[in-house]
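[1] sharing a sequence plus its predicted fold:
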Amino acid sequence: MAAIFSLVAASSFAEFHWFEQPIKMDASLSLLAVGDWGRKGTFNQSRVAEQMGRIGEELDIDFVISVGDNFYDTGLVDVYDKSFEQSFTNIYTAKSLQKQWYAVLGNHDYRGNAVAQLDPILREIDKRWLCMRSFMVHTDIAEFFFIDTTPFVKKYWKHPKKNHYDWRGVAPRKKYVSKVLKDLEMALSKSTSIWKVVIGHHTIRSVSEHGDTEELVDLLLPMLQEYGVDLYMNGHDHCLEHISSDDSPIEFLTTGGGSKAWRGIYNPNKVDTLRLFYDGQGFISLQLTKTDAKVVFYDVNGCILHSWNRTKGWHPYI
């Protein structure tokens, strides 16, 4: 596994830690992204993991991204919860997946002991695991901005008796969300990276069960547009989706097919251009060079469902 180095950012980046991720000698990088997976191998989680291992070897991936809802149904109980090993360590066993995993929290993770997933003790149990609320991963050709989206969603705060949420270190909501947005804006404004990728659990654009997340459309999307973000990657809806913005270069990538899927819900979105909707399990790969980006969507059998390419330097909005 390539070493990573934590660089604690300046005080203006209080919510963001910065991690340096080495890439290949030819200045390219490749990764896999998956979400909504932690079910101890059930609901085809093990099959998805097997195909991730195969594709990961083919692409010689540098790291893996988890877009949240890492452990169902209610996160982890504590740092010694066996679900961590049963749903992560014992499932993603392929040699190619023994790389750094960068993870954000999802709403189901907040229903348990959210702080446990952030605890460095888990990295002692499995050194691949790195989960924080909001943080940055820097490479020579791309920067990845991981955002804690669950506290943005107002409905999670309104019915505490229905579902418990672990708001330690987060409440009050408005102050926390404001701080995350302020730090993200500062990070994006200072970024000179060729590619900018933002990762959060919740959808911004989706045609499936959860649809667009209103709070992210209102608060986050304008910032992504202003600072030229290329990709927004998320889970939450248990499917695979690719939606292209019609008024900016942003591509919205949903990769929530890590385990339980097939919701049977499709609600066409007239705002932007739908390129893929697949109501089943799977994952995505992302390959980047200084000039090119390639995204590929795979189903539970590792078959290619859809691919997309962009060459940097030419785009109708650049």
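    Nice, I can see it. Values in this document were obtained by computation on a predicted structure and should not be read as measured data.
[2] please, where are all the helices along the stretch 151-300 of the chain?
    155-158, 173-190, 214-219, 221-226 (DSSP state H, counting those that start in this stretch).
[3] what's the second one packed up against?
    Spelled out, it's helix 173-190. strand 142-146, helix 221-226 (3 or more CB pairs under 8 Å, 6 or more residues apart in numbering; DSSP states H and E). For every residue, glycine as well, the C-beta is placed using N, CA and C.
[4] buried stuff in the shortest one?
    Taking 16 or more other CB atoms under 10 Å as the basis for neighbour counts, the residues of strand 142-146 that come out buried are 142-146.
[5] strands paired with that strand, and their directions?
    For strand 142-146, the paired strands and their directions (DSSP bridges) are strand 135-138 (antiparallel), strand 195-199 (parallel).
[6] pull the distance from it to the chain's centre.
    The chain centroid and the centroid of strand 142-146 are separated by 10 Å under CA atoms, centre = their mean, to the nearest Å.
[7] okay, angle between it and helix 173-190 too, please.
    180 degrees (axes from the mean of the first three to the mean of the last three CA atoms, to 10 degrees).
[8] contact partners of strand 142-146?
    29, 65, 102, 104, 132, 134-138, 184, 187-188, 191, 193-200, 288 (CB atoms under 8 Å, 6 or more residues apart in numbering).
[9] equivalent analysis for the last one, please.
    The set of residues external to helix 221-226 that reach it, using CB under 8 Å, 6+ apart, is 181, 184-185, 188, 198, 204, 232, 245, 247-248, 250.
[10] follow-up on the earlier one: output the buried residues of strand 142-146 as a markdown table; include the columns pLDDT and distance to Arg168.
    Shown next, in a markdown table, are the buried residues of strand 142-146 (pLDDT from 0 to 100; distance: CB to CB, whole Å):
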| residue | pLDDT | distance to Arg168 |
| --- | --- | --- |
| Ala142 | 98 | 32 |
| Glu143 | 97 | 29 |
| Phe144 | 98 | 26 |
| Phe145 | 98 | 23 |
| Phe146 | 98 | 19 |
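[11] how far away is Ala187 from Met132?
    Applying CB to CB, to the nearest Å, the value for Ala187 to Met132 is 14 Å.
[12] those two: who's more crowded?
    Ala187 (22 against 19; other CB atoms under 10 Å).
[13] can you give me the distance of the residue lying closest to Thr213 once chain neighbours are set aside to Cys239?
    Nearest residue to Thr213 in three dimensions, chain neighbours excluded: His202, at 4.4 Å (CB to CB, 6 or more residues apart in numbering). Distance, His202 to Cys239, using CB to CB: 14 Å.
[14] and for Leu221?
    Leu221 sits 20 Å away from Cys239, going by CB to CB.
[15] and Phe71, by the same measure?
    20 Å.
[16] and for Arg54?
    Noted for Arg54: a distance of 21 Å to Cys239, by CB to CB.
[17] what's the answer for Val197, then?
    Relative to Cys239, Val197 is positioned 20 Å away (CB to CB).
[18] neighbours of Lys127, how many?
    Lys127 has 12 nearby residues by other CB under 10 Å.
[19] what do you get for Ser248?
    Neighbour count for Ser248, taken as other CB under 10 Å: 18.
[20] test for you: state the pLDDT assigned to the residue nearest to it when sequence neighbours are not counted.
    With CB to CB, 6+ apart as the criterion, Ser248 has its nearest non-adjacent residue at 4.5 Å, and that residue is Gln225. Note for Gln225: predicted pLDDT of 97.
[21] by mean pLDDT, flag the weakest helix or strand of this protein.
    The helix or strand of the chain with the poorest confidence is strand 5-8; it has a mean of 40 (mean pLDDT, DSSP states H and E).
[22] from Met233, how far out is the residue nearest to Ser248?
    Gln225 is 16 Å from Met233, by CB to CB.
[23] low-confidence ranges, this structure, go.
    Residues of the chain meeting the criterion pLDDT under 70: 1-15, 160-161, 313-318.
[24] residue closest to the middle of it?
    Val67 (2.8 Å; CA atoms, centre = their mean).
[25] so how far is stretch 248-259 from its chain's centroid?
    Averaging C-alpha positions (CA atoms, centre = their mean) puts stretch 248-259 9 Å from its chain's average.
[26] same thing with stretch 213-226?
    With CA atoms, centre = their mean as the basis, the mean position of stretch 213-226 lies at 16 Å from the chain mean.
[27] repeat that for stretch 130-139.
    Worked out by CA atoms, centre = their mean, stretch 130-139 lies 10 Å from the chain centre.
[28] what do you get for stretch 273-283?
    Using CA atoms, centre = their mean, the offset of stretch 273-283 from its chain centre is 16 Å.
[29] and it, what's buried?
    274-279, 281-283.
[30] got these as JSON lines, with distance to Pro172 columns?
    Formatted as JSON lines, these follow (distance: CB to CB, whole Å):
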{"residue": "Leu274", "distance to Pro172": "37"}
{"residue": "Arg275", "distance to Pro172": "39"}
{"residue": "Leu276", "distance to Pro172": "38"}
{"residue": "Phe277", "distance to Pro172": "37"}
{"residue": "Tyr278", "distance to Pro172": "39"}
{"residue": "Asp279", "distance to Pro172": "37"}
{"residue": "Gln281", "distance to Pro172": "37"}
{"residue": "Gly282", "distance to Pro172": "38"}
{"residue": "Phe283", "distance to Pro172": "36"}
